[in-house]
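>>> What follows is a predicted protein model with its sequence.
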Amino acid sequence: MLVIADDLTGAVDAAGAFAAGGHHSVVVLHPQDTTGDMSSGGGVLVVDTDTRPMTGAQAFAITAGLVHRLAPDELFIKIDSTLRGHVRATVDGALSALAAAGAPPAHVVVCPAFPSQGRTVVGAQVHIGGVPINAPSLADVFAGLPTATLLAIPDALTDNDLATFVASATRSGRGSTLWVGSAGLARQLGMATASDNPSPLNDAHPPRAAERVLVVVGSRQARTAEQIDHLDPDTAVLIIDPRDPSLRDQLEPAVMQADGLVLTGGATARAVLDMLQVRTLVVHGEVEPGIPWATGSGRSGDITVVTKAGGFGDAFSLQGAVRFLARA
């Protein structure tokens, strides 16, 4: 399975969702590091294209090039649960490459619902906390797909709704499917395709307790601010602007000393891991749904990382992530 994501927290979210189903899940932070055999090894390969801040044309071209080069047997396009980024251009890029290879999907399933994080889909409209978001309906976003491709946009108010739809779709033998969704859909697809022999790398706890955990926050979401307020008083926290040109000077001294990182926001996670020269992450599981943990290696040595999208979790999720890494 190849998963293509447009930002890093989304990539790791999706990998964590598949890892929860027992799949060996690896995130590659730079598309140029991928090779054709990576997507055919039986596990889940997640590639962060980092196209969210780019143009739609760039998102199309990068996605099409990646699908062409890797030629995956199965493909999942991970999109933001609130439809940020170039959703249609990314899917069009994937469809273009698949068609050029003579393997257009028979079906496209689109459902960015993530019920455990308050994201649902009703009547092709995304809702947060039961309120429709200010965005076009999914039916409008995906209008005009190739006529040979059948589009499905299922309602999903609960995880069970997603599970029921995925179970039906994967059992039906109805032809190839391009999956488009958030980590909520990825989790149910991962469960439905779970192996009887889960990856030995999937574990409930890090290999060792972190002694120096650092929380780095770049998200401006109100939920993240609430989570910061609930951290234990002695927690080391850096609040940054990922666009600040002096960011490296702010980050490097603290990050280089940490052996456990909690990173909030995709741009923040990208900035920190690029500074550490981490190229890949092995994602082992989740601290809680939507908040995955992973290990990697960079210029500071081995590191254990928890990533979190800014709007995810409850008031105590950052505190829980820190305690998870420290095994407190």
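Structure's in. What do you need? All values reported here derive from a predicted model rather than from experimental measurement. Numbering: from 1, shown residues only.
>>> Low-confidence bits of the chain, can you list those?
The model of the chain has pLDDT under 70 over residues 36-41, 172-174, 195-203, 328.
>>> Apply 90 and report the result again.
By pLDDT under 90, the low-scoring segments of the chain are 20-21, 35-42, 145-149, 169-175, 193-208, 219-223, 241-250, 300, 310-311, 327-328.
>>> Going along the chain, name the helices of it.
Assigned by DSSP state H, the chain shows helices spanning 8-19, 56-70, 87-100, 138-141, 159-171, 183-192, 222-229, 247-257, 266-275, 317-326.
>>> Show me how the record splits the protein into domains.
2-192, 213-326 (automatic domain parsing).
>>> got these as JSON lines, with mean neighbour count columns?
C-betas here are computed from N, CA, C, even on glycine. Formatted as JSON lines, the domains of the chain follow (neighbours: other Cβ atoms under 10 Å):
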{"stretch": "domain 2-192", "mean neighbour count": "20"}
{"stretch": "domain 213-326", "mean neighbour count": "20"}
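>>> Turn these into JSON lines, including distance to His205.
Shown next, in JSON lines, are those (distance: least, Cβ to Cβ, whole Å):
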{"stretch": "domain 2-192", "distance to His205": "14"}
{"stretch": "domain 213-326", "distance to His205": "8"}
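>>> picking that back up, can I get the helices of the chain in CSV with distance to Pro206?
Output for the helices of the chain, formatted as CSV (distance: least, Cβ to Cβ, whole Å):
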stretch, distance to Pro206
helix 8-19, 13
helix 56-70, 30
helix 87-100, 32
helix 138-141, 37
helix 159-171, 26
helix 183-192, 20
helix 222-229, 20
helix 247-257, 18
helix 266-275, 17
helix 317-326, 6
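>>> Tell me which of the ones you listed lies nearest to Phe114.
helix 183-192 (3.4 Å; Cβ to Cβ).
>>> Touching that closest one from outside, list them.
Helix 183-192 is contacted by residues 3, 10, 13-14, 16-23, 44, 76, 78, 81, 109, 111-117, 119, 156, 159, 162-163, 165-167, 170, 179, 289-290 when judged by Cβ atoms under 8 Å, 6 or more residues apart in numbering.
>>> can you check stretch 315-328 too?
So stretch 315-328 is contacted by 205-206, 209-211, 213, 215, 224, 226-232, 235, 260, 262, 264, 287-288, 291, 293, 304, 306, 308 (Cβ under 8 Å, 6+ apart).
>>> how much space between the residue nearest to Gly129 when sequence neighbours are not counted and Thr177?
Closest residue to Gly129 apart from its sequence neighbours, by Cβ to Cβ, 6 or more residues apart in numbering: Gly118 at 4.9 Å. From Gly118 across to Thr177, the span is 26 Å (Cβ to Cβ, to the nearest Å).
>>> Over to Leu189?
10 Å.
>>> Same check on Pro207?
36 Å.
>>> so Gly266 makes contact with Phe312?
No - at 11.5 Å, Gly266 does not count as touching Phe312 under the criterion of Cβ atoms under 8 Å.
>>> hang on, the residue nearest to Gly129 packs against Val126?
No - in this structure, Gly118 is not within contact of Val126 by Cβ under 8 Å, at 10.9 Å.
>>> which one is Ser116 nearest to, not counting chain neighbours?
Using Cβ to Cβ, 6+ apart, the closest residue to Ser116 is Pro289 (4.4 Å).
>>> List the contacts of Glu252.
Met275.
>>> Who are the contact partners of Val282?
Going by Cβ under 8 Å, 6+ apart, Val282 touches Ser25, Val26, Leu201, Ala294, Thr295, Gly296.
>>> Could you provide those in CSV, with additional columns for distance to Gly102?
CSV is the format used below for those (distance: Cβ to Cβ, whole Å):
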residue, distance to Gly102
Ser25, 29
Val26, 28
Leu201, 35
Ala294, 35
Thr295, 38
Gly296, 36
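>>> Okay, Ala156 and Val3: tell me how far apart.
Ala156 is 19 Å from Val3, by Cβ to Cβ.
>>> Spit out the contact partners of Val306.
So Val306 contacts Gly260, Leu261, Val262, Leu263, Val287, Ile291, Pro292, Trp293, Ala294, Ala321, Phe324, Leu325 (Cβ under 8 Å, 6+ apart).
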